[in-house]
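1. sequence? don't have it. structure:
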């Protein structure tokens, strides 16, 4: 009786094994791009959140301390060194330290040229050097922030 049971047992055939591999390949082909899109969207949202935080910090500082930079200069440049110290161009601003997050070195530049705003955030951990000075918001990595969004945040 035992010999008869063992003779009737069969393993997977090569065709069945290939069918399983093909099905897994199809599932992987669908899932991998979807996961990539989710990651890209989360990076864009992180960039927008970080820019909102920095601009909100600037608004909070100006509301509490008043503007201490020369508005005719048309450029505000904030540099944070790796040791955490902040420097500004034009100089004279103090108090930003309490409003910016405690991250590694970065540089934020906002320039007003006529009616257009340009900005860059370089060397910040969440933005991966996605802009260079003088580029418009439309050129920023993945166009994470539109010019309208930036102007709305700064106002």
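-> That came in fine, so what should we check first? Computed from a prediction, not measured in an experiment: that's the story for all the values here.
2. what's the spacing between residue 23 and residue 13?
-> 15 Å (CB to CB, to the nearest Å). Every C-beta, even on glycine, is put in place using the N, C-alpha and C of the backbone.
3. try residue 32
-> 29 Å.
4. check which residues of stretch 39-59 are buried.
-> Neighbour-count burial for stretch 39-59 flags 43-44, 47-48, 50-51, 54-55, 57-58 (criterion: 16 or more other CB atoms under 10 Å).
5. pipe these into JSON lines and attach secondary structure, distance to residue 28 and pLDDT per row.
-> Output for these, formatted as JSON lines (DSSP: H, G, I helix; E, B strand; the rest coil; distance: CB to CB, whole Å; pLDDT from 0 to 100):
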{"residue": "43", "secondary structure": "helix", "distance to residue 28": "22", "pLDDT": "84"}
{"residue": "44", "secondary structure": "helix", "distance to residue 28": "25", "pLDDT": "82"}
{"residue": "47", "secondary structure": "helix", "distance to residue 28": "29", "pLDDT": "78"}
{"residue": "48", "secondary structure": "helix", "distance to residue 28": "31", "pLDDT": "78"}
{"residue": "50", "secondary structure": "helix", "distance to residue 28": "33", "pLDDT": "78"}
{"residue": "51", "secondary structure": "helix", "distance to residue 28": "35", "pLDDT": "75"}
{"residue": "54", "secondary structure": "helix", "distance to residue 28": "39", "pLDDT": "74"}
{"residue": "55", "secondary structure": "helix", "distance to residue 28": "41", "pLDDT": "73"}
{"residue": "57", "secondary structure": "helix", "distance to residue 28": "43", "pLDDT": "74"}
{"residue": "58", "secondary structure": "helix", "distance to residue 28": "45", "pLDDT": "69"}
